[in-house]
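Novice: Could you work out the structure for the sequence below:
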Amino acid sequence: MNKSNALLWCNVEKMAELYANEAEIYKKESILSNIFEAMKSYISKCVNNAYMKPKSYGLEIPKEDFESRFMQYLWEAVEAFQVGGSTFKNIVIRRFDFAEKHTWNQYKTKGNKDDKDGVSYESARLDSLDRRIGGSESERETTLANIFNWKVVSAEEEFLDHVEKASIISEFAKVNKRYANVIRFMALGYEGNDLAIATGEADSNNPKFRKLIQRSKESFAKFMSERASL
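Specialist: Numbering: from 1, shown residues only. Coordinates of the predicted model:
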């Protein structure tokens, strides 16, 4: 590892420790922003590497998909970090590996007997959403995203959305830490057995755990209602 990388991980490790030990929500937001800023170049390098890999197989997965997934998983890494546990670097590397795999899985479909291992990524062979339609000299030039009227969310918007979610859930944790833990993992997209295991509440989505989910949702809904009336 070169000196610049060693310094980066040393700095973000310290910031992750500050984040884990900080209770004041606005200070946590500031620390989180500093972590993302410090890791901007590293994230960009990881995203570019992940983006180029499917292209070597003749596939086209939009870079924005990798960007938003890596941003989400960096936030998860910060939230998961505990002082005295695994290093922040190890958590990030593991999460980024998941991020790349999960982005590929968005385009994974069941193939036919001619596909390797019976798996196809045919949907990834579609044109990139930002490909221009109509030629560079056309006054009516547009993109596939515009034609289908799809909203393309930038990495910055994705990050701000995660920060807002993190802030609200951290506030809710002051009301009920256990329920907030369930809501936090639900916000990250966990469900069913995966949600039960991730929260540490159960080994499966059993009736007792489903009841906990219901209570968590009801408590969170009440919290949000009261928060909106302030």
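
Novice: three-state assignment of residue 175?
Specialist: With DSSP: H, G, I helix; E, B strand; the rest coil as the basis, residue 175 sits in coil.

Novice: burial count for the residue nearest to it when sequence neighbours are not counted?
Specialist: What sits nearest to residue 175 in space, not counting adjacent residues and going by CB to CB, 6 or more residues apart in numbering, is residue 223, at 5.7 Å. Heads up, the C-betas are built off the backbone N, CA and C, glycines and all. Residue 223 is flanked by 20 other residues according to other CB atoms under 10 Å.

Novice: what does residue 166 give?
Specialist: 19.

Novice: wait, isn't it in contact with residue 32?
Specialist: Yes - between residue 166 and residue 32 a contact is recorded at 7.0 Å, counting by CB atoms under 8 Å.

Novice: Can you give me the distance of residue 42 to residue 77?
Specialist: 12 Å (CB to CB, to the nearest Å).

Novice: So for those two, which sits in the more crowded spot?
Specialist: Taking neighbours as other CB under 10 Å, residue 42 and residue 77 compare with residue 77 leading, 23 against 17.

Novice: got the contact list for that one?
Specialist: 88, 91-92, 95 (CB atoms under 8 Å, 6 or more residues apart in numbering).

Novice: Just the residues you listed: which are in helices?
Specialist: 88, 91-92, 95 (DSSP state H).

Novice: Over to residue 205. Which of the three states is it?
Specialist: Residue 205 ends up coil, using three-state DSSP.

Novice: Please give me every residue in contact with residue 225.
Specialist: Contacts of residue 225 (CB under 8 Å, 6+ apart): none.

Novice: Give me the pLDDT value at it.
Specialist: On the pLDDT scale, residue 225 is placed at 82.
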